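Novice: pasting the sequence and the predicted model now:
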Amino acid sequence: MTIQHASRPWMNSELEVLRDTARRFFESECVPRQPAWVEQKHCDREIWRRAGELGLLCSGIPEAYGGGGGSFLHEAVICEEQQRALVTSFSINVHSGIVAHYLLAYGSEAQKQRWLPAMARGEMVAAIGMTEPGAGTDLQRIKTTAILGSDGRHYLVNGAKTFITNGWHADLICLAVKTDPEARASGVSLLMIETRDLPGFQRGRLLDKIGQRGQDTVELFFDGVMVPAENLLGNEEGRGFRQLMQQLPRERLLIAIGAAATMQRAVDDTLAYVTQRHVFGEPLMAMQNTRFKLAECQTHATIARSFVDDCIGRLQRGELDVPTAAMAKWWSTQTLCQVIDECLQLHGGYGYMNEYPIARMYTDARVGRIYGGANEVMKEIVARAMED
């Protein structure tokens, strides 16, 4: 008897068509290329353009700006299918789900018209530059500066960023800077950086990670980079920290959506393995320990999916608050690691071999407890909300 998963409360026929398109794209055009992308530590540039052709980029951005005219639901479907396929070598979440929405929410009309259509077509790849060598979760302590020149027309940017997803291909970077180096939160601003042929801008090495090894994660350096003042996001300096905080629930929910999708993939793969694997003359699935462990893992996956679906509904209604998004992020990524560990154990020695997807899931999933705000910080957010 197959477990009947509850229907998604937010799904409709349009989203099912999108899901089918996304699934075919990731499985047929990305999965076969993953080994090559892992070897070179970045995807091929043309995959971004192909995703744009299929309408998989900026799906939640209005058609007036070149997007798909959809909503967060469209982005959620694409996120689920990318994570289900274990395609981790480029981040549509960062490009479409995060940077595009900073532009949509805070950009001027000219900024939206200039960058969003090119992002939707995959002609420009976007990244967000927050983390620095000495400042990760505490964004108030960033050291990268953007000082407005005496003519008021250009900012002079100096500093460095690290762990930047999509950084190798990035043509556009939403950069967190200090426009007032002496202030904390009130000194943070967001500046849009076009990188092509930009004097003083340099990409560092492709970072060697334990997981998501095909993802182009790099260091970025800014040495006297001149950026037009009109590239400031928002109509005045010092709004960046507030802008970041307003958008983080969306980012954290996308992480939770991906974790829930990967969790179910881990369970499905393991069920298939233990059904055909024989130990002591009978299927591994016939052993009580195997059955109990898988029952536990499926229960976790079902709870994760239900929690995520509830959060998606809240976001659509404008009701997803910061503490709830933090709960979804920390719990789903923590539980994902636990479920994958149990599933890998059921694979035995084969679970330790990279040729098996469960091994790649094991290393790829670990960073989920770190990025988007470390899980310890998520718990602090929840605890503070409980005190209010």
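Specialist: Nice, I can see it. In this text, all values refer to a predicted model and were calculated from it rather than measured experimentally.

Novice: average pLDDT for stretch 275-282?
Specialist: Across stretch 275-282, the average pLDDT comes to 92.

Novice: low-confidence ranges, this structure, go.
Specialist: Residue ranges of the chain with pLDDT under 70: 1-6.

Novice: just checking, what packs against the one helix or strand T162 maps to?
Specialist: Element membership for T162 (DSSP states H and E) is strand 154-165. Identification of packing neighbours for strand 154-165 by 3 or more CB pairs under 8 Å, 6 or more residues apart in numbering; DSSP states H and E yields strand 126-129, strand 145-148, strand 172-178, strand 188-194, strand 217-228. From N, CA and C alone the C-beta is placed, and that goes for glycine too.

Novice: make it 7 Å
Specialist: In terms of contacts (3 or more CB pairs under 7 Å, 6 or more residues apart in numbering; DSSP states H and E), strand 154-165 is packed against strand 126-129, strand 145-148, strand 217-228.

Novice: residues touching it, excluding its own?
Specialist: Applying CB atoms under 7 Å, 6 or more residues apart in numbering, the external contacts of strand 154-165 come out as 91, 94, 127, 129, 131-133, 143-149, 177, 191, 215, 217-229.

Novice: if we go to 6 Å?
Specialist: By CB atoms under 6 Å, 6 or more residues apart in numbering, the surrounding residues in contact with strand 154-165 are 91, 94, 127, 129, 131-133, 143-148, 217-222, 225-228.

Novice: ok, stretch 70-83 next?
Specialist: Identification of contacts with stretch 70-83 by CB under 6 Å, 6+ apart yields 10, 15, 18-19, 22-23, 26, 56, 59-60, 93, 97, 254, 257-258, 261-262, 312, 315.

Novice: buried residues in the strand holding T162, which are they?
Specialist: Using 16 or more other CB atoms under 10 Å as the test for burial, strand 154-165 gives H154, Y155, V157, N158, G159, A160, K161, T162, F163, I164, T165.

Novice: count of neighbours near the residue nearest to the fifth one when sequence neighbours are not counted?
Specialist: Think G159. Spatial nearest neighbour of G159, excluding adjacent residues (CB to CB, 6 or more residues apart in numbering): T144 at 2.6 Å. Neighbour count of T144, defined by other CB atoms under 10 Å: 22.

Novice: same thing with E109?
Specialist: 9.

Novice: check Q276 too.
Specialist: For Q276, the tally of surrounding residues (other CB under 10 Å) stands at 9.

Novice: cool, and E319?
Specialist: E319 has 10 neighbouring residues, counting by other CB under 10 Å.

Novice: now F241
Specialist: Neighbour count for F241, taken as other CB under 10 Å: 20.

Novice: list the contacts for it?
Specialist: A185, V188.

Novice: which of the helices or strands spans it?
Specialist: Using DSSP H and E, F241 sits in helix 240-276.

Novice: just the buried positions in that helix, please.
Specialist: Judged by neighbour count using 16+ other CB under 10 Å, the buried positions of helix 240-276 are 240-241, 243-244, 247-267, 269-271, 273-274.

Novice: which residues of this structure fall in helices?
Specialist: For the chain, the helices defined by DSSP state H occupy 13-24, 34-40, 46-53, 72-84, 92, 100-106, 109-121, 240-276, 288-316, 322-346, 357-365, 375-387.

Novice: want to throw these into TSV with distance to D197?
Specialist: What follows is the helices of the chain, written out as TSV (distance: least, CB to CB, whole Å):
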stretch	distance to D197
helix 13-24	33
helix 34-40	23
helix 46-53	19
helix 72-84	31
helix 92	26
helix 100-106	22
helix 109-121	16
helix 240-276	26
helix 288-316	38
helix 322-346	37
helix 357-365	34
helix 375-387	38
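
Novice: D138: which of the ones you listed is closest?
Specialist: For the helices of the chain, the distance to D138 is smallest for helix 375-387, at 8.9 Å, taking CB to CB.

Novice: roughly how far out does the closest one sit from the chain middle?
Specialist: Computed by CA atoms, centre = their mean, to the nearest Å, the chain-centroid distance of helix 375-387 equals 21 Å.

Novice: so how far is G149 from the residue nearest to the spatial centre of the chain?
Specialist: Per CA atoms, centre = their mean, the C-alpha nearest to the average position across the chain is that of N93, at 4.3 Å. Distance, N93 to G149, using CB to CB, to the nearest Å: 35 Å.

Novice: could you do A359 as well?
Specialist: 52 Å.
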